[in-house]
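> Here is a sequence with its predicted model. Questions after.
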2 protein chains.
Amino acid sequence: MSEKPTIYDIAKALNISAATVSRALNNNPKISKATCQLVAETAAKMNYKQNKLALALRSGKSNNIGVIVPRIDSNFFASVIRGIEEELYPHQYNVIICQTHEDEKREIENINTLLNAQVDGILMSISNVSSENDRVIKRVVDKNVPLVFFDRKKNIEGVSSVTINDYDVAYSATQHLIDQGCERIAHITGDKTLEIFQNRFKGYKQAVIDNGLYFEEDYVFQTKSSLESGSLAVKKFLDLKNPPDAIFSSSDFAALGAIQELTARGIKIPEDFCVVGFGNEPFTKFMELSISTVDQCPKEMGKMAANVLIEQMKNSESIKNEKKVVLTTELLIRKSSSRK
Amino acid sequence: MSEKPTIYDIAKALNISAATVSRALNNNPKISKATCQLVAETAAKMNYKQNKLALALRSGKSNNIGVIVPRIDSNFFASVIRGIEEELYPHQYNVIICQTHEDEKREIENINTLLNAQVDGILMSISNVSSENDRVIKRVVDKNVPLVFFDRKKNIEGVSSVTINDYDVAYSATQHLIDQGCERIAHITGDKTLEIFQNRFKGYKQAVIDNGLYFEEDYVFQTKSSLESGSLAVKKFLDLKNPPDAIFSSSDFAALGAIQELTARGIKIPEDFCVVGFGNEPFTKFMELSISTVDQCPKEMGKMAANVLIEQMKNSESIKNEKKVVLTTELLIRKSSSRK
DNA sequence: CTGTTAGCGCCTTCAT
DNA sequence: ATGAAGGCGCTAACAG
């Protein structure tokens, strides 16, 4: 009783064929009500469970979706995955998670693993931009495995994407700082090969220029998303002849690091210096000095990405209806940039 | 070229049998070096990828591990999963994530889904304690599918678990509060049907008693892990004739809510009131008034759970070597409870 | 309505 | 050193 029964076991017990059992289990209308019920009962009694593996091999559909993210232990990606899972669950899809740890080799391995596992589709947030990468990704497209990027995307023909309005919201954030009376806005950015950081930078720069302020290369600091990076950035900024009086950071962590460094130096926020972060990490709201930031609506992003993927999986083979969804996000104005 | 080639395609191209191709691909020593290499080259050229699904069906091993958690978008579970994934990755296992949202029905569905998907093992953190649940979990054991609980466990024969020393660390936390001079220690607890909360409560209670303090039922407030719960608890506590002067909370979120409510009422922390949370959520460290808490070392927990599972999967069929690992955690003393 | 057959892609005896 | 055959569990023709 402890071994896993198959439809053959049920068939044998009932003296009917496996095909009939299969049909009955799938509620095929051609099967008499009587057998249908009999099969159902016996199946329940024997504790039969369909082997999805066999079904997958036969049908060519595994009902598994692969998700590739840089890391899972970040509030943003975890929330995106939650959204993905919530959307996929009613459709009977399972989610296989892969982390790249921002490692290019790992990213390629992940893609191959998922392809080997015969996933029906892949959702991914790019870690690295490289030609080797490009090749593997194109292979996914060639194999007709639906692929959707979210947040960190790449422009590849036939691949849909779900992102936020990075440019616009960066522009708004910068404009907001200027509206607060700040005149020398600095910017902390990330890996410049990634579109998201490029766009945030562009939005920032344009806002500065549009307001007739001086755009200063030294006001832009590229670094990782961490507290140390933020404090490092501040150190560098304050060493300038004409130091900035505000920072728009592409990372909440860097923003917090910056705030800590500024506070340590006795600089008052928001009176003397304003800061806006990015990502709406939980701590930004909880701080005594709450941090203004941009909500990336990760859950919605995950849901949307899953939706686009589902759509694409339905219309397989069909027209490559490349879809570029851009979600509108909100600038959350909090104490770190509110001079009233 | 875009269709997925099989070993038969390679065989045909090389005018040899599929069996030989299979053997060559698996580096079977009985295959001549020449064919071996030839096959490897052709496979590469044709961009052949092994179909893990077929392999899984044949071998009965899917190389997938199921992970069931209440939710993924919590720092704790996300970090555990990261640990799990890091440990499983070198062993070629993939991770399938399922969320229960604390819903019993969903939890049962998840287990069944994973069983149907033929996972080689399951790692789970219990959401609900119910008899229906018990039955399904026992079925997992009956089917000889290795199962390991982490954090929120259940005592079921044949099931290993990885937890932390909840009792001890709760005792330490309470003792610490008493050492700070606090005399009326309150406790915010969670779902009492879960062992972790029971143990934290017991540790708290024992420490109170051991120190000759009065254990007061009204000092214990059961609620969910949220800011509101914390503030609610404080409201209730301060309405008491003899209100407490410290809180040991089983949740960082409740601890923060409590702190906010206390601060709003002008109560000085830690001078007038001390607070210790649980979980080491990122924000606890970042706050201006950093919050004392317990680090649950989630990543290590994930790694350990994965290790125990791997061990169990190796020695399948063998003796039910039920393993109960208890990790030692640290009390992190920060400002919210440091009177010096 | 139901049984027979065949095949998804792979590996592994059993032959040779 | 290699080929042929069979089966993992399931379903979809194709027959009745």
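Structure's in. What do you need? Numbering: from 1, shown residues only, chains lettered A, B, ... in the order given.

> How confident was the prediction at the nearest residue to residue A:199 once chain neighbours are set aside?
Spatial nearest neighbour of residue A:199, excluding adjacent residues (C-beta to C-beta, 6 or more residues apart in numbering or on different chains): residue A:166 at 3.8 Å. To be clear about C-beta, it is placed using only N, CA and C from the backbone, and glycine gets the same treatment. Confidence at residue A:166, expressed as pLDDT, is 97.

> Please apply the same query to residue A:226.
94.

> how near is it to residue A:113?
29 Å (C-beta to C-beta, to the nearest Å).

> what about those two, which has more around it?
When neighbours are counted by other C-beta atoms under 10 Å in any protein chain shown, residue A:226 and residue A:113 differ, and residue A:113 comes out ahead with 20 against 14.

> what helix or strand is the more buried one on?
Under the criterion of DSSP states H and E, residue A:113 resides in helix A:104-116.

> Which residues does that helix contact?
Here helix A:104-116 makes contact (C-beta atoms under 8 Å, 6 or more residues apart in numbering or on different chains) with A:66, A:68, A:96, A:98-100, A:122, A:124, A:126-128, A:130, A:132-133, A:136-137, A:139-140, A:143, A:145, B:49-52, B:94.

> And the next helix or strand past it?
The helix or strand immediately downstream of helix A:104-116 is strand A:121-124, counting by DSSP H and E.

> any idea of the angle the helix or strand just after that next one forms with helix A:104-116?
Counting by DSSP H and E, the next helix or strand C-terminal to strand A:121-124 is helix A:131-142. Here the directions of helix A:131-142 and helix A:104-116 differ by 10 degrees (axes from the mean of the first three to the mean of the last three C-alpha atoms, to 10 degrees).

> how about helix A:131-142 as CSV, C-alpha atoms only?
Taking Å, rounded to 0.1, in the frame of the first residue of the first chain, the C-alpha atoms of helix A:131-142 are listed here in CSV:
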residue,chain,number,x,y,z
SER,A,131,27.5,38.3,-25.5
GLU,A,132,27.8,34.8,-24.1
ASN,A,133,24.6,35.5,-22.3
ASP,A,134,23.0,36.8,-25.3
ARG,A,135,23.7,33.6,-27.2
VAL,A,136,22.1,31.4,-24.6
ILE,A,137,19.1,33.6,-24.3
LYS,A,138,18.6,33.6,-28.0
ARG,A,139,18.7,29.8,-27.9
VAL,A,140,15.7,30.0,-25.5
VAL,A,141,13.8,32.0,-28.1
ASP,A,142,14.9,29.7,-30.8
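
> and it, what does it pack onto?
Contact partners of helix A:131-142 among helices and strands, from 3 or more C-beta pairs under 8 Å, 6 or more residues apart in numbering or on different chains; DSSP states H and E: helix A:104-116, strand A:147-150.

> Packed most tightly, which of those would that be?
Comparing the helices and strands packed on helix A:131-142 by mean neighbour count (mean count of other C-beta atoms under 10 Å in any protein chain shown), strand A:147-150 comes out on top with a mean of 26.

> hang on, the earlier thing: how about the CA coordinates for the helix holding residue A:113, as CSV?
This file holds the C-alpha atoms of helix A:104-116, laid out as CSV (Å, rounded to 0.1, in the frame of the first residue of the first chain):
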residue,chain,number,x,y,z
GLU,A,104,27.3,35.3,-15.4
LYS,A,105,28.3,31.6,-15.5
ARG,A,106,25.7,30.8,-13.0
GLU,A,107,23.1,32.6,-15.1
ILE,A,108,23.9,30.6,-18.1
GLU,A,109,23.8,27.4,-16.1
ASN,A,110,20.5,28.3,-14.7
ILE,A,111,19.0,28.8,-18.2
ASN,A,112,20.3,25.5,-19.4
THR,A,113,19.1,23.7,-16.3
LEU,A,114,15.6,25.1,-16.8
LEU,A,115,15.6,24.2,-20.5
ASN,A,116,16.7,20.6,-19.6
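
> That one near DNA strand C at all?
No - Helix A:104-116 is not in contact with DNA strand C by C-beta under 7 Å from any atom of the strand; minimum separation 8.8 Å.

> Now that helix: average pLDDT?
Across helix A:104-116, the average pLDDT comes to 94.

> Okay, helices next: where are they in chain A?
For chain A, helices defined by DSSP state H occupy the ranges A:7-14, A:18-25, A:33-46, A:52-59, A:75-88, A:104-116, A:131-142, A:166-179, A:195-210, A:227-238, A:252-264, A:282-286, A:298-314.
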